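Chemist: Would you be able to build a 3D model of this:
(chains A and B)
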Amino acid sequence: MTPSHEHSTIDAAKRGFDRIYSDYAEDVYRFSFYLMQHREEADDLYQEVWLRVAKHSVKLAGIRDHKRWLFTITANCHRDWLRKKKLQRLLFNTKGLDDEVLEIHGCQQPEDVAGNLDLVEAIAKLPPRQKQIFILKEIEGYKLREIAEMLNINIGTVKSMAHMAVSRLRRELTAAELWLRKVEVKL
Amino acid sequence: MKCQDVQLWIMEPDNDKRNEAEAHVAVCVECERFAQDYGQLSFVSNLQAPPLSLIVKNTVYTAAYKCIEKSSYRMTMAAIPAKIWAVLISVILLSSIWIFFTAANCIEKGQVTTAGMFAICWFLQNCIMLIFMPAVVRQFRRLRHFQPSVNWQKQQLVAMDLATHNG
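Modeler: Here you go, the predicted structure:
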């Protein structure tokens, strides 16, 4: 490979990266934030995702749907992060995941989120896979089949997890009497 | 249709099963309640994450750029030349033959001679060399080939220029 060819490869990778970074940075951050529910951890996940993208930037030209690809990477990075946390908890007996998830109230929330803290808390309590599926379905608006492709899991599993997530949220929110409050507000 | 199928249909409706699902919801209290609750969940889509901080955005962008430089640079590394492979394979073959005869001689005599020890040391040294040689060769080839890209040089110049102006 000649030096000029090397340069053109690097430049092409950079151009591809620039394009998807300007188009999807906010989307990746939003997804990271809802997965982590904590600003600093969302920042870390966001960085991890883009570094992984940068490592594979030469493949960018061959990818059809960049947004879906980025969400797949984000979900994988989130899974890796959870594994690392679990290992840390086992080795060093640090705080559990559930304790950390409940810390979300301490972080700065925008007004829109603050108004729905019960819901945000309920989403935070969902198991990781269910949380990923719920966010992709309800916030990002993907179809269950697309989510199955993105997360590389069976469509049946996605359907069942999506159903479990909604059922669990219903239980949580009914317990917090959120439904009742919402109905009263409407009346 | 089972309740779970109907509830999944409520989550993601399609026209194929509309009549069947609607008929089920009309007679099933649990599914009707699910539909109401799920309808209320739709405000989830209006939730907003905090805006991405400009500092994080720029820092990540810079780090990613450096990472692209590094990974492209690794990707474009020159292959190990055939003559290096030929020498490495010859060395491993010759030393294997030599050690085979020396070891056979040692076993016959029932003791490890100086020659035997030398052969073992030689063999171990070759093994170590063969493990690390490709890495060493790649490293040298890479250093010789790599030139920073034009854009990167421009960025460096702009950064230096800014630094000079700022004082």
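Chemist: In PDB, list the C-alpha atoms belonging to stretch A:9-27.
Modeler: C-alpha atoms of stretch A:9-27 as PDB (Å, rounded to 0.1, in the frame of the first residue of the first chain):
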ATOM      1  CA  THR A   9      -8.000   5.700   3.200                       C
ATOM      2  CA  ILE A  10      -7.500   7.800   6.400                       C
ATOM      3  CA  ASP A  11      -9.200  10.800   4.900                       C
ATOM      4  CA  ALA A  12     -12.100   8.700   3.700                       C
ATOM      5  CA  ALA A  13     -12.500   7.200   7.100                       C
ATOM      6  CA  LYS A  14     -12.400  10.700   8.700                       C
ATOM      7  CA  ARG A  15     -15.000  12.100   6.200                       C
ATOM      8  CA  GLY A  16     -17.300   9.200   6.900                       C
ATOM      9  CA  PHE A  17     -16.900   9.700  10.700                       C
ATOM     10  CA  ASP A  18     -17.500  13.400  10.400                       C
ATOM     11  CA  ARG A  19     -20.700  12.800   8.600                       C
ATOM     12  CA  ILE A  20     -22.200  10.300  11.000                       C
ATOM     13  CA  TYR A  21     -20.900  12.300  14.000                       C
ATOM     14  CA  SER A  22     -22.600  15.500  13.000                       C
ATOM     15  CA  ASP A  23     -25.800  13.500  12.100                       C
ATOM     16  CA  TYR A  24     -26.200  11.200  15.000                       C
ATOM     17  CA  ALA A  25     -24.200  12.500  18.000                       C
ATOM     18  CA  GLU A  26     -27.400  13.700  19.700                       C
ATOM     19  CA  ASP A  27     -29.300  10.500  19.100                       C
END
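Chemist: Just the pLDDT for residue 167.
Modeler: I went with chain A, as the question did not name one. pLDDT for A:Ser167: 87.
Chemist: The chain in question should be chain B.
Modeler: B:Gly167 is assigned a pLDDT of 47 by the prediction.
Chemist: now A:Lys95
Modeler: On pLDDT, A:Lys95 comes in at 53.
Chemist: And for B:Leu162?
Modeler: 54.
Chemist: just so I have it, where are all the helices in the chain?
Modeler: Let's take chain A. A:3-36, A:39-55, A:66-92, A:97-101, A:111-114, A:117-124, A:128-134, A:144-151, A:155-175, A:178-186 (DSSP state H).
Chemist: Wait, chain B was what I had in mind.
Modeler: So, for chain B - with DSSP H - the helices run B:3-11, B:18-27, B:29-41, B:54-75, B:82-109, B:114-145, B:150-166.
Chemist: Tell me which of those helices approaches A:Thr9 most closely.
Modeler: Minimum separation from A:Thr9 across those (C-beta to C-beta) falls at helix B:54-75, 5.7 Å. (Each C-beta comes from the backbone N, C-alpha and C, glycine too.)
Chemist: re earlier: out of the helices of chain B, the one nearest A:Lys131 is which?
Modeler: The nearest among those, by C-beta to C-beta, is helix B:29-41 at 14.2 Å.
Chemist: From the contact counts, what lies against the closest one?
Modeler: Under the contact criterion of 3 or more C-beta pairs under 8 Å, 6 or more residues apart in numbering or on different chains; DSSP states H and E, the helices and strands touching helix B:29-41 comprise helix A:155-175, helix A:178-186, helix B:3-11, helix B:18-27.
Chemist: Least confident of these, on average?
Modeler: The weakest mean pLDDT among the helices and strands packed on helix B:29-41 belongs to helix A:178-186, with a mean of 47.
Chemist: hmm, back to that, any chance of the helices of chain B in a markdown table, plus distance to A:Arg19 and mean neighbour count?
Modeler: Formatted as a markdown table, the entries for the helices of chain B read as follows, by distance: least, C-beta to C-beta, whole Å; neighbours: other C-beta atoms under 10 Å in any protein chain shown:
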| stretch | distance to A:Arg19 | mean neighbour count |
| --- | --- | --- |
| helix B:3-11 | 34 | 19 |
| helix B:18-27 | 40 | 14 |
| helix B:29-41 | 34 | 16 |
| helix B:54-75 | 13 | 16 |
| helix B:82-109 | 39 | 12 |
| helix B:114-145 | 28 | 13 |
| helix B:150-166 | 15 | 11 |
